[in-house]
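Peer 1: Next comes the sequence, and after it the predicted model I'd like to discuss.
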There are 2 protein chains.
Amino acid sequence: MRFLLVLLLAAAAVVGNASAESVLRAVTDVPAAVSSGAADADALFCDSWMLSVETGNAGPWRQVPARCGTFVRAYMEGERYASDSAVAAAESLAFAGQAFALGEGGSKPAWVFDVDETLLSNAPYYAISGWGLVEFDETSFDAWVDVAKAPALPSSLKLYNELQGLGFHIILLTGRSESQRNATEQNLLFAGYHSWEKLILRQPSDIGKTAVQYKSERRAAMEVEGFKILGNSGDQWSDLIGLPVSTRSFKLPNPMYYIS
Amino acid sequence: MRFLLVLLLAAAAVVGNASAESVLRAVTDVPAAVSSGAADADALFCDSWMLSVETGNAGPWRQVPARCGTFVRAYMEGERYASDSAVAAAESLAFAGQAFALGEGGSKPAWVFDVDETLLSNAPYYAISGWGLVEFDETSFDAWVDVAKAPALPSSLKLYNELQGLGFHIILLTGRSESQRNATEQNLLFAGYHSWEKLILRQPSDIGKTAVQYKSERRAAMEVEGFKILGNSGDQWSDLIGLPVSTRSFKLPNPMYYIS
């Protein structure tokens, strides 16, 4: 403690000295590479852009910036996507176990999962349609949905099974439409998911609603039914925000597209 | 379009084939490195852990995981921290300009800034006190605050000036206590900030409140005073969540500490 205060006084003396400015600049300045045209600048910017998507800072966007296409692809194909997903799942389980042990879920503890890029990975589709570099094409995506062969995100499947083991009621809440129920159920089973409490899809009356509005309304309905939503996993902030929110929300990575 | 559908059918055929599993695994599986003891595993885990802090997935935490100490330090001292901060500021300004042009702020458009790790960088303090590897020590931090020589985060200072140029009312809302008002004002001026509308610090009656409660109450009071809070910048989710929220919130990076 005394040692730290001595260091602080020394640091203060240094900061008060003009010659220390380079030290501070190294810590806090905008790096030259960000504004230069080098490949390094693209890597640095695109890492920061992907972070800004994950934190929600980026706000609404329609397609991946052109300079970031190769980085998004490398992220999705490399170890980072799997690692980021696995850490999110591990943190979800740590919270779930603790909340469940404390009886915070009451008699009907529930966990809400989104489907696309949360339980199921559409990476095989995006691998052949530009990894988010082109705008979303509903026709071809719907054709892919009908194929019903999207694989599970492995860390989500593991979490799903662990939550069921704890006794959670699992509710799937997706922006897919009711007309895609059969294909979606078939795909979920193909990917290894089973025994969900309910699968909620957009009804005709939900058309035109934002995901935030539609999903919030359904979470409110779950509460009326007596479910206590302890956790909510989704790759879009629109899966997670809007009232009522779950006790804890878990944002899964997705640098490929944005849904409001 | 037709080409894409042909590719989709081809992809579906591949997915239906057991030999394609390795392709899908490469896209979606948990990498072996995550669970191994290699240095690469630490790098991968710590990048994912830092992301989980930024998205809020990590929840409450008291100190940086021991294996991540060197990575947090490298992040703070390297180009990523500055780049991530700069991109957050650029996205803030893009939104601010648009919202202001649309007159969404009414007669009293406001932007709320947190102070520590948002306007001011305490990197010189954390550089000599473990970069978050040790638990927060209030006594030594308060001594550092009294020194009043924390530098500005350059991208925040730039944003601050740009928002003032647009005509925003700038409100500073910090968890620092009223007893630190003089040192805080002195430090803000030292760092280059000026002409804020008001600087709100914790009053004796706020002691014991979480940051979420204290800051939400103050945002509610701002609305009563007629301010329209278009933007809110903070390095903690507790700066940003809780009702009322601003129109858009911007999460600045901070892998060093957590405030609830």
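Peer 2: Happy to help now that I have it.

Peer 1: Run me through the strand neighbours of the longest strand along chain A, direction for each.
Peer 2: Using DSSP state E, we find that the single longest strand of chain A is strand A:169-177. Strands adjacent to strand A:169-177 in the sheet, as given by DSSP bridges, are strand A:109-113 (parallel), strand A:198-202 (parallel).

Peer 1: Among those, which comes closest to B:W49?
Peer 2: Of all those, strand A:109-113 sits nearest to B:W49, with 22.2 Å by CB to CB. In short, each C-beta sits where N, CA and C put it, glycine included.

Peer 1: On the C-terminal side of the closest one, identify the next helix or strand.
Peer 2: helix A:123-127 (DSSP states H and E).

Peer 1: Which residues of the stretch 101-250 of chain A lie near chain B?
Peer 2: Within the stretch 101-250 of chain A, the positions near chain B by CB under 8 Å from any CB of the partner chain are A:121, A:123-125, A:127-129, A:137, A:139-140, A:143-144, A:147, A:149, A:151-155, A:248-250.

Peer 1: residue ranges of the helices in the stretch 151-260 of chain A, please?
Peer 2: Here the stretch 151-260 of chain A has its helices, by DSSP state H, counting those that start in this stretch, at A:154-166, A:181-191, A:211-224.

Peer 1: The first one versus strand A:109-113: what angle between them?
Peer 2: In this structure, helix A:154-166 runs at an angle of 160 degrees to strand A:109-113, with axes from the mean of the first three to the mean of the last three CA atoms, to 10 degrees as the basis.

Peer 1: Also the last one?
Peer 2: With the same axes, to 10 degrees defining the directions, helix A:211-224 sits at 160 degrees from strand A:109-113.

Peer 1: List the neighbours of helix A:211-224 that are in contact with it.
Peer 2: Identification of contacts with helix A:211-224 by CB atoms under 8 Å, 6 or more residues apart in numbering or on different chains yields A:110, A:112, A:171, A:173, A:175, A:200, A:202, A:206, A:209, A:229, A:232, A:236, A:238-239, A:241-246, A:259-260.

Peer 1: Which residues belonging to it are considered buried?
Peer 2: By neighbour count with 16 or more other CB atoms under 10 Å in any protein chain shown, helix A:211-224 contains the buried residues A:A211, A:V212, A:Y214, A:K215, A:S216, A:R218, A:R219, A:M222.

Peer 1: Quick one: these as JSON lines, columns for pLDDT too.
Peer 2: Listed next are the buried residues of helix A:211-224 as JSON lines, based on pLDDT from 0 to 100:
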{"residue": "A:A211", "pLDDT": "97"}
{"residue": "A:V212", "pLDDT": "97"}
{"residue": "A:Y214", "pLDDT": "98"}
{"residue": "A:K215", "pLDDT": "98"}
{"residue": "A:S216", "pLDDT": "98"}
{"residue": "A:R218", "pLDDT": "98"}
{"residue": "A:R219", "pLDDT": "98"}
{"residue": "A:M222", "pLDDT": "98"}
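
Peer 1: just these now: which is nearest chain B?
Peer 2: A:V212 (12.8 Å; CB to the nearest CB).

Peer 1: The closest one and A:P60: what is the separation?
Peer 2: From A:V212 across to A:P60, the span is 12 Å (CB to CB, to the nearest Å).

Peer 1: Check the contact lists of these two and give me the overlap.
Peer 2: Shared contacts of A:V212 and A:P60 (CB under 8 Å, 6+ apart): A:S260.

Peer 1: Give the bridge partners for A:S249, please.
Peer 2: A:S249 has these beta-bridge partners by DSSP bridges: A:N232.

Peer 1: Just the pLDDT for it.
Peer 2: For A:S249, the model assigns a pLDDT of 98.

Peer 1: Repeat that for the one 4 residues further on.
Peer 2: Per-residue confidence (pLDDT) for A:P253: 98.

Peer 1: Repeat that for the one 5 residues further on.
Peer 2: What the model reports for A:Y258 is a pLDDT of 96.

Peer 1: which residues touch it?
Peer 2: A:Y258 neighbours (CB under 8 Å, 6+ apart): A:V53, A:A58, A:P60, A:W61, A:R62, A:Q236.

Peer 1: Could you rerun that using 7 Å?
Peer 2: A:Y258 sits next to A:P60, A:W61 when contact means CB atoms under 7 Å, 6 or more residues apart in numbering or on different chains.

Peer 1: Likewise for A:E162?
Peer 2: A:L93.

Peer 1: Now the longest helix along chain A: average pLDDT?
Peer 2: Taking DSSP state H as the criterion, chain A has its longest helix at helix A:79-101. Averaged over helix A:79-101, pLDDT sits at 97.

Peer 1: picking up where we left off before, what mean pLDDT would you report for the longest strand of chain A?
Peer 2: 98.

Peer 1: Quick one: residues contacting A:F100.
Peer 2: Contact analysis of A:F100 by CB under 7 Å, 6+ apart lists A:P109, A:L166, A:G167.

Peer 1: Any figure for the gap between the residue nearest to A:S238 when sequence neighbours are not counted and A:I170?
Peer 2: Distance criterion CB to CB, 6 or more residues apart in numbering or on different chains; nearest residue to A:S238, sequence neighbours excluded, is A:A211 at 3.8 Å. According to CB to CB, A:A211 and A:I170 sit 20 Å apart.

Peer 1: How about A:N182?
Peer 2: The gap separating A:N182 from A:I170 is 19 Å, by CB to CB.

Peer 1: Who has more neighbours out of the two?
Peer 2: Taking A:N182 and A:I170 together and counting by other CB atoms under 10 Å in any protein chain shown, A:I170 has the greater number of neighbours (20 against 10).

Peer 1: That one against A:L163, yeah?
Peer 2: Yes - using CB atoms under 7 Å, A:I170 makes contact with A:L163 at a distance of 6.4 Å.

Peer 1: Identify the contacts common to those two.
Peer 2: Shared contacts of A:I170 and A:L163, defined by CB under 7 Å, 6+ apart, are found at A:W111.

Peer 1: Would you mind measuring from A:G234 to chain B?
Peer 2: According to CB to the nearest CB, to the nearest Å, A:G234 stands 11 Å off from chain B.

Peer 1: hmm, I was thinking of A:W61
Peer 2: In terms of CB to the nearest CB, A:W61 sits 10 Å off from chain B.
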